[in-house]
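**Student:** everything below, folded, please.
(one chain, ligands or ions: 1)
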Amino acid sequence: MEASARYRRAEIVVDLGAIRRNVETLRERVEVPVMVVVKADGYGHGMLAAARAARAGGATWLGVADRDEALALRDAGDTGRILAWLGMPGEDPTPLLAADVDVAAYSVAELTAIATAARALGSPARVHLKVDTGLSRGGAPVADWDALVAAARSAELAGEVVVAGVWSHFACSDEPAHPANDAQESVFRDALEVAEREGLAPEVRHLANSAAALLRPSSRFDLVRFGLAAYGLSPAPEEASAADLGLVPAMTVRARVVLGKDLDAGAGISYGHTYVTERPVHVALVPLGYGDGIPRHASSAAQVLVGGVRGDVLGRICMDQFVVEAPAGVAAGDEVVLFGPGADGEPTAQEWAERCGTISYEIVTRIGGNAGRAARRWVEG
Ligand SMILES: *Cc1c(COP(=O)(O)O)cnc(C)c1O
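**Tutor:** Residues are numbered from 1 along each chain as shown. Below you'll find the predicted structure:
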């Protein structure tokens, strides 16, 4: 739901030109076809708008978690390759297959459900078999891999499926020196050998997310899956900043100050009085809170750009509002920028993440995903 045009609490501005250029930059860097991941409403940036920008930047594939997300992309007119990787138990894959979406299979049971639906439809389903190489999340455990491959091969021979992909996902790709990366890639290569030995010839073998695609060239195979980096944020901030990677953050969050006022020394600010002024300060009231996806962990931790300078968040983030220190004279109606590309001195989502003890993925996805009260606006920067 978007806010009505009449009253605007705040604005989330998404620069689609930045997403398009980020995708172009990433494509040049990896030299293999690119999937852009637009799950969770495009990491809060708006799935359909992000998908269009990603396609314009040259994304051959789009990736989503939910099947409904894939269908929404089709309903919006996207005709390119789409992979949906998280089916719910008991879900009928028929609408997805009818919409020509590639699907993932983690188990023989899931593969069988897909093959059955495809047989009824009368055309083979394109399936990506997922092997768990060590994340211990989705995918067939190595012990079950042979059985999944064998079931897929016989469904392929029966004309029910085409094994379009074999894939997996890293646990520690943001830490390139972590031994799990070598171990997972090696398990993946073994799984590919099993698949090939059984007669499968997947069109795309894919393992890398943003961090692996950028930092571990050996993991690129035939396709890489870029989520965060496409939105202009660094997937491995300890290794390389967004600027180092040539990426520009696409999301800016800003609001108008509701009230400016002077407080005396000794004033407790916000719930619990966790912050008490040590000297007289000028403060500004910002009309955003955890109801808008602002992390409560930003309490007395994050900063904003207000009156041309950085202002600290003072005291707790409330459901709808929080208080920041502001230069004298900052008053109702003045602009406050929570985060953006960083070019004008405003914090970035990465900086918010560090100050809140989380990752930038969560900052943008939560705020964008809560864009019911703030207005989300898309621009071609
Ligand atoms: C979310 C996701 C991605 C994208 O990860 P980033 O780190 O954002 O690039 C890739 N693959 C899978 C399976 C995912 O769930």
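**Student:** could I get the contacting residues of whatever residue of the stretch 101-250 of the chain ends up closest to the ligand?
**Tutor:** The ligand sits closest to Gly227 of the stretch 101-250 of the chain, with a gap of 2.3 Å, by CB to the nearest ligand atom. (C-beta placed from N, C-alpha, C; glycine too.) Gly227 is in contact with 36-37, 39, 43, 63, 209-210, 235, 361, counting by CB atoms under 8 Å, 6 or more residues apart in numbering.
**Student:** neighbours around Leu150, how many?
**Tutor:** Let me fix one detail, which is that residue 150 is Ala and not Leu. Around Ala150 there are 15 other residues, counting by other CB atoms under 10 Å.
**Student:** near the ligand, which residues of this structure?
**Tutor:** Contacts of the chain with the ligand, taken as CB under 6 Å from any ligand atom, map to 37, 39, 85, 169, 209-211, 225-228, 235.
**Student:** if we can go back for a sec, quick one, phi/psi of the residue of the stretch 101-250 of the chain closest to the ligand?
**Tutor:** The phi and psi values for Gly227, taken as degrees, to the nearest 10, are phi -100, psi -90.
**Student:** which helices and strands sit right next to the longest helix seen in the chain?
**Tutor:** With secondary structure taken from DSSP state H, the chain has its longest helix at helix 179-197. The helices and strands touching helix 179-197, judged by 3 or more CB pairs under 8 Å, 6 or more residues apart in numbering; DSSP states H and E, are helix 142-157, strand 161-167.
**Student:** helices of the stretch 151-300 of the chain, start to end?
**Tutor:** In the stretch 151-300 of the chain, helices defined by DSSP state H, counting those that start in this stretch lie at 179-197, 210-215, listed in chain order.
**Student:** columns mean neighbour count and mean pLDDT on top of the ones you listed, output as TSV?
**Tutor:** Converted to TSV, the helices of the stretch 151-300 of the chain look like this (neighbours: other CB atoms under 10 Å; pLDDT from 0 to 100):
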stretch	mean neighbour count	mean pLDDT
helix 179-197	17	98
helix 210-215	25	98
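**Student:** got these as a markdown table, with distance to Asn370 columns?
**Tutor:** Formatted as a markdown table, the helices of the stretch 151-300 of the chain follow (distance: least, CB to CB, whole Å):
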| stretch | distance to Asn370 |
| --- | --- |
| helix 179-197 | 33 |
| helix 210-215 | 23 |
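**Student:** how much space separates the residue sitting nearest the centre point of the chain from Ala98?
**Tutor:** For the chain, Tyr43 is the residue whose C-alpha lies nearest the centre (CA atoms, centre = their mean; 3.6 Å). Tyr43 is 28 Å from Ala98, where distance means CB to CB, to the nearest Å.
**Student:** ok, now Gly77?
**Tutor:** Separation of Gly77 from Ala98 (CB to CB): 16 Å.
**Student:** more neighbours: these two, which one.
**Tutor:** Neighbours per residue, other CB under 10 Å: of Gly77 and Ala98, the larger number sits with Ala98, 14 against 8.
**Student:** that one is in contact with Leu121, isn't it?
**Tutor:** Yes. Applying CB atoms under 8 Å, one finds Ala98 in contact with Leu121, separated by 6.2 Å.
**Student:** how is the protein divided into domains?
**Tutor:** Under the assignment automatic domain parsing, the domains of the chain span 61-222, 251-379.
**Student:** so how far is the last one from its chain's centroid?
**Tutor:** How far domain 251-379 lies from its chain's middle: 22 Å, per CA atoms, centre = their mean, to the nearest Å.
**Student:** what's the span of that domain from first residue to last?
**Tutor:** The separation between the terminal residues of domain 251-379, taken as CA to CA, to the nearest Å, is 10 Å.
**Student:** what mean pLDDT does it have?
**Tutor:** The average pLDDT within domain 251-379 is 96.
**Student:** what is the burial count for Ser88?
**Tutor:** Rather than Ser, residue 88 is Met. Met88, neighbours per other CB under 10 Å, totals 8.
**Student:** show me the contacts for Gly342.
**Tutor:** Contact partners of Gly342, counting by CB under 8 Å, 6+ apart, are 249, 348, 351.
**Student:** residues in contact with the closest residue to the first one other than its chain neighbours?
**Tutor:** Looking back up the chat, that one is Pro249. Leaving aside its chain neighbours, Pro249 sits nearest to Gly232 (4.0 Å; criterion: CB to CB, 6 or more residues apart in numbering). Taking CB under 8 Å, 6+ apart, we find Gly232 in contact with 18-19, 22, 242, 247-251, 341.
**Student:** and what of Ala208?
**Tutor:** Each residue near Ala208 by CB under 8 Å, 6+ apart is listed here: 170, 173, 216, 219-221, 224-225.
**Student:** at 10 Å instead, please
**Tutor:** By CB atoms under 10 Å, 6 or more residues apart in numbering, Ala208 lies in contact with 30, 32, 35, 167-170, 173, 185, 214-221, 223-226.
**Student:** tell me which of the residues you listed fall in strands.
**Tutor:** Of those, the ones assigned to strands by DSSP state E are 35, 167, 224-226.
**Student:** biggest separation within those, which pair?
**Tutor:** Trp167 and Phe226 (14.4 Å; CB to CB).
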